[in-house]
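Asker: The sequence and its predicted three-dimensional model are supplied below.
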Amino acid sequence: LAMRGAAVVVNDLDRHHAGEVAAEIIRAGGRAIVVTSDISTDDGAREPIEAAIDEFGRVDVVVNNAGVLRSAPFADMTAAVWDHVVAVNLRGTFLVTHAAWPHFVDQGYGRVVSTTSNSGLLGIAGSSAYAAST
């Protein structure tokens, strides 16, 4: 997509990692900006969408790719760890998509791509919260 000139908001809590990804997009011919918001919160989920509107004038696609895996045997899983994984992986997907939705409706266009992994699809030992939330 970058080679076709895509404009991307790279959101990651790790600013350094987000910057590396944005630089790669720019090198490939796209445009990119960095946001470091926590998508598990209402305000944090709106930030990447607002940044896209402010910087690029619109949002056409939401790619829900944020995910955390906190591996623990089910017997050792705490509610706090479970809640954190579900907040990022599931609630964050909803919140970011929900923030973009009015723009999609106004434009008459929008797409949502949500990703998972083999751990989410097939499950692996110690990944109960991850598998449940992806």
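Answerer: Now that the structure is in, tell me what you want to look at. Numbering: from 1, shown residues only.
Asker: what about dumping the CA coordinates of stretch 104-123 to CSV?
Answerer: Output of stretch 104-123 as CSV, limited to C-alpha atoms (Å, rounded to 0.1, in the frame of the first residue of the first chain):
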residue,chain,number,x,y,z
PHE,A,104,-17.2,6.1,6.9
VAL,A,105,-20.9,6.9,6.9
ASP,A,106,-20.3,10.5,6.0
GLN,A,107,-18.0,9.5,3.2
GLY,A,108,-20.2,6.7,2.0
TYR,A,109,-17.1,4.5,2.2
GLY,A,110,-14.9,2.7,4.6
ARG,A,111,-13.2,-0.6,5.3
VAL,A,112,-12.3,-2.5,8.4
VAL,A,113,-9.6,-5.2,8.5
SER,A,114,-9.1,-7.0,11.8
THR,A,115,-6.1,-9.3,12.2
THR,A,116,-5.4,-12.3,14.5
SER,A,117,-2.7,-15.0,14.6
ASN,A,118,-2.4,-18.7,14.9
SER,A,119,-2.4,-18.3,18.6
GLY,A,120,-5.8,-16.6,18.3
LEU,A,121,-7.3,-18.9,15.8
LEU,A,122,-5.9,-22.2,17.1
GLY,A,123,-4.9,-21.4,20.6
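Asker: got a list of contacts for it?
Answerer: With CB atoms under 8 Å, 6 or more residues apart in numbering as the test, stretch 104-123 has contacts from 58-65, 67, 69, 93, 97, 100-101, 103, 124, 127, 130-131, 133-134. C-beta: built from backbone N, CA, C; applies to glycine.
Asker: next one: the helix or strand of the chain with the lowest mean pLDDT to chain centre, how far?
Answerer: Taking mean pLDDT, DSSP states H and E as the measure, helix 118-122 is the helix or strand of the chain with the lowest mean score, a mean of 76. A distance of 18 Å separates the centroid of the chain from that of helix 118-122, by CA atoms, centre = their mean, to the nearest Å.
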